[in-house]
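S.K.: Quick one: sequence and predicted model below, then my questions.
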Amino acid sequence: MTAKHDLIDLLSRRPGTRVSGSDLAQALGMTRAAVHKRVAKLRAQGFRIDGASRLGYRWVGAADRLEPGGLRRGFVRDVHLFDALPSTQDEAKTRALAGAPEGTLIVADRQTAGRGRLGRAWVSPPGGLWYSILLRPPIAPDAVPALILVAALDWARVLEARGVPARLKWPNDLWVEGRKVAGLLTEMSAEMDRVHWAVLGVGVNVANDPPGGTDVPAASLKQWLGDRVTRQELLAAWIDRFSKSYRRFAADGFAPFRPAYAARSWLRGRAVRFQTAAGAATGRAAGVDATGRLMVETPRGTVAVAAGEVSLLRLNSR
Ligand code: BTN
């Protein structure tokens, strides 16, 4: 854990209570001046901390304000923040058609018509992270679905680094302890061998209450992280990771990411139901192949599933 997180932990454990600069300095093994500097840095990131070294510092709360400056990093060039949008996907697609550059990021505090995969509605109240990013990947159209697995893997790593045991549910969901916390979606325009644009949409339940009545159980990150992280910090961390992964994927495909994806697979070893051209089938999920297809062992042999819905036959089945 970094010193930054130690400081957040120390203060947020006693919300509303003043902790003196010298107590913090002693607990963290640093000088009061260094504590002061760290507090200033956290405030610049939007964390709300009252007071001063001599008076004592008081935790008021994690910030929930997104700052475009801090999100313009890695391959993200243009950042557009909205209080509300019908869907960040639509906004990004409109801009894609108008010629916006790769790395255009659209974030909304809430969506009034958020979309999930397979035409489902995506409930998007304030407190969650709802964004879409415009890509113009130099890859074949049939490689785009695997790129999304990589984006999901980067989210799993961002959460893991903060102590959240995130698992990947093929193709594009993140689950924690048996509940879905995030989903990813792509839409694209392509010719046979060339992608014009792809819009990657990501929804993460962060501080919002998880939606009820969904087909799978849902949860929000606040259950594991309280208010110790901000949407800004999470999104910035994901952009940093994905900027590197995106370059690597364009050069080498999914194969280098396969072991890391498989290690975090939520489905691996579980009984699943999936769709084939001939209808629904069942089997045991066995991992992903080098192109990102889900391998399912069935009584008739191993089937590679490239797209579509895969559901657990029983929650928590093994
Ligand atoms: C899924 O799990 O079905 C995918 C959900 C994707 C939701 C995100 S929220 C931001 C972007 N805008 C949308 O309307 N949908 C995606």
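M.R.: Perfect, I can see it now. Numbering: from 1, shown residues only.

S.K.: Need the single longest helix in the chain, by residues.
M.R.: Using DSSP state H, we find that the single longest helix of the chain is helix 231-252.

S.K.: contact partners of that one?
M.R.: Contact with helix 231-252 is made by 45-46, 63-67, 70-71, 73-76, 105, 107, 128-129, 131, 135, 137-139, 146-147, 150-151, 153-155, 157-158, 161, 202, 204, 206-207, 221, 256-257, as judged by CB atoms under 8 Å, 6 or more residues apart in numbering. Where C-beta positions appear, they are placed from N, C-alpha and C, glycine not excepted.

S.K.: give me that answer again for 7 Å
M.R.: Here helix 231-252 makes contact (CB atoms under 7 Å, 6 or more residues apart in numbering) with 45-46, 63-64, 66-67, 70-71, 73-76, 129, 131, 137-139, 147, 150-151, 154-155, 157-158, 206, 256.

S.K.: Just the buried residues out of the residues you listed, in ChimeraX syntax.
M.R.: Entered in ChimeraX, the line below selects the buried ones among the contacts of helix 231-252, by 16 or more other CB atoms under 10 Å:
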select :45,46,63,64,66,67,70,71,74,75,76,129,131,137,139,147,150,151,154,155,157,158,206
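
S.K.: Surely residue 155 is within a strand?
M.R.: No: Residue 155 is assigned helix when assessed by DSSP: H, G, I helix; E, B strand; the rest coil, not a strand.

S.K.: picking that back up, please work out the average pLDDT along the longest helix of the chain.
M.R.: Averaging pLDDT along helix 231-252 gives 96.

S.K.: quick one: buried residues of the helix or strand that it is followed by?
M.R.: Scanning forward in sequence from helix 231-252 by DSSP states H and E, the next helix or strand is helix 258-263. Burial within helix 258-263, assessed by neighbour count using 16+ other CB under 10 Å, is assigned to 258, 261.

S.K.: For the stretch 201-318 of the chain, what lies in contact range of the ligand?
M.R.: 201-203 (CB under 6 Å from any ligand atom).

S.K.: top of those residues by neighbour count?
M.R.: Within these, most neighbours by other CB atoms under 10 Å means residue 201, with 28 neighbours.

S.K.: Mind telling me what element residue 151 is part of?
M.R.: Per DSSP H and E, residue 151 falls inside helix 144-160.

S.K.: chain center to that helix, what's the gap?
M.R.: What separates the centre of helix 144-160 from the centre of its chain is 8 Å, taken as CA atoms, centre = their mean, to the nearest Å.

S.K.: Wondering if the helix or strand just after it reaches the ligand at all.
M.R.: Counting by DSSP H and E, the next helix or strand C-terminal to helix 144-160 is strand 166-169. No: on the criterion CB under 6 Å from any ligand atom, strand 166-169 is out of touch with the ligand, staying 9.4 Å away.

S.K.: which outside residues touch the helix or strand that comes right after strand 166-169?
M.R.: Next helix or strand after strand 166-169 toward the C-terminus (DSSP H and E): strand 173-176. Outside strand 173-176, the residues that touch it by CB under 7 Å, 6+ apart are 152, 155-156, 164-169, 180-183, 219, 224, 266.
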